[in-house]
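A.B. asks: sequence and computational prediction follow.
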Amino acid sequence: MIATASAERVLLSLPEIFFRQPKPASYNTLTTKTPARKLTPDKLRQQLRQQRRILPPGQQKQAAHTLTWRLAREPFFRRTRHLAAYLATDGEIDPGELLGIARRQGRRIYLPHLKSRTHMVFKIWGGNSHLVKNHFDIPEPAGPAHPARPVRQLDLILIPLVAFDRHGHRLGRGGGFYDRALAGLRQRKRLRRPWLVGLAHGLQEVDTLRTRFWDVPLDAVVTPTRVLYFHSRLRRR
């Protein structure tokens, strides 16, 4: 916990102290808007997942570091005390470096936990605590030592995605876990709610995504090259 306002000012300044803007790298040339209108969601998923999987490990690492530098400077991250994120798989951009910074700064970290084959919650993760692989072979916190925190009581949720568009719509892997976990937020537009921020490689941007009534739009997307805001609540930073 942060004891004083002075300590808080020091804590919030840490990203700018420890990070220097990385030099432009070759992954920037991969940024492209994939034409999505003529593709089915499954075909689009297949195409973009393949594209991010073939990124070389060094390129993935540099992209994740640059994204960390960019995201750590954002006011919505600095104000966060309860942060939900994910462990990267399948070529997803890796927030691990950012989570390490957040933990050292005293923020609480939460990871997805599959409560059933259809529902997901966010459980606290201590960093060194034991993780158990779920039926998708993804490590997650489990057991009574890792209590879940209600979504509405989180400050920021960093969300993996397969594709995003300029309107803040997101295409996931197709399981619907995030859609169901975030469903209650559609009714909390004027109440306290977490910021929903997608993390992605630039190549995952598409022109337009098909939407469904149950979709919960993102507030922002962060890539290695930019931060995109979609709603007035986050533009007033």
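C.D. replies: That came through, no problem.
A.B. asks: quick one: residue 91 and residue 218, what's the gap?
C.D. replies: The gap separating residue 91 from residue 218 is 19 Å, by C-beta to C-beta, to the nearest Å. Where C-beta positions appear, they are placed from N, C-alpha and C, glycine not excepted.
A.B. asks: more neighbours: which of those two?
C.D. replies: Neighbours were tallied for residue 91 and for residue 218 using other C-beta atoms under 10 Å; the higher tally belongs to residue 218 (24 against 18).
A.B. asks: in a helix, that's where the more buried one is, yeah?
C.D. replies: No. Residue 218: not assigned to a helix; according to DSSP: H, G, I helix; E, B strand; the rest coil it is coil.
A.B. asks: does it touch residue 167 like I think?
C.D. replies: No. In this structure, residue 218 is not within contact of residue 167 by C-beta atoms under 8 Å, at 9.2 Å.
A.B. asks: spatially central residue for this structure, please.
C.D. replies: In the chain, the C-alpha nearest the mean C-alpha coordinate belongs to residue 158, at 2.4 Å (C-alpha atoms, centre = their mean).
A.B. asks: neighbours of the nearest residue in space to that one that is not next to it in sequence, how many?
C.D. replies: Nearest residue to residue 158, sequence neighbours excluded (C-beta to C-beta, 6 or more residues apart in numbering): residue 85, at 4.2 Å. Around residue 85 there are 23 other residues, counting by other C-beta under 10 Å.
A.B. asks: my guess is residue 85 contacts residue 111, does it?
C.D. replies: Yes. Contact status for residue 85 versus residue 111: in contact at 6.8 Å, counting by C-beta under 8 Å.
A.B. asks: isn't the residue nearest to the centre of the chain right up against residue 200?
C.D. replies: No. Between residue 158 and residue 200 there is no contact under C-beta under 8 Å: 10.8 Å.
A.B. asks: quickly find the element holding residue 52.
C.D. replies: helix 41-53 (DSSP states H and E).
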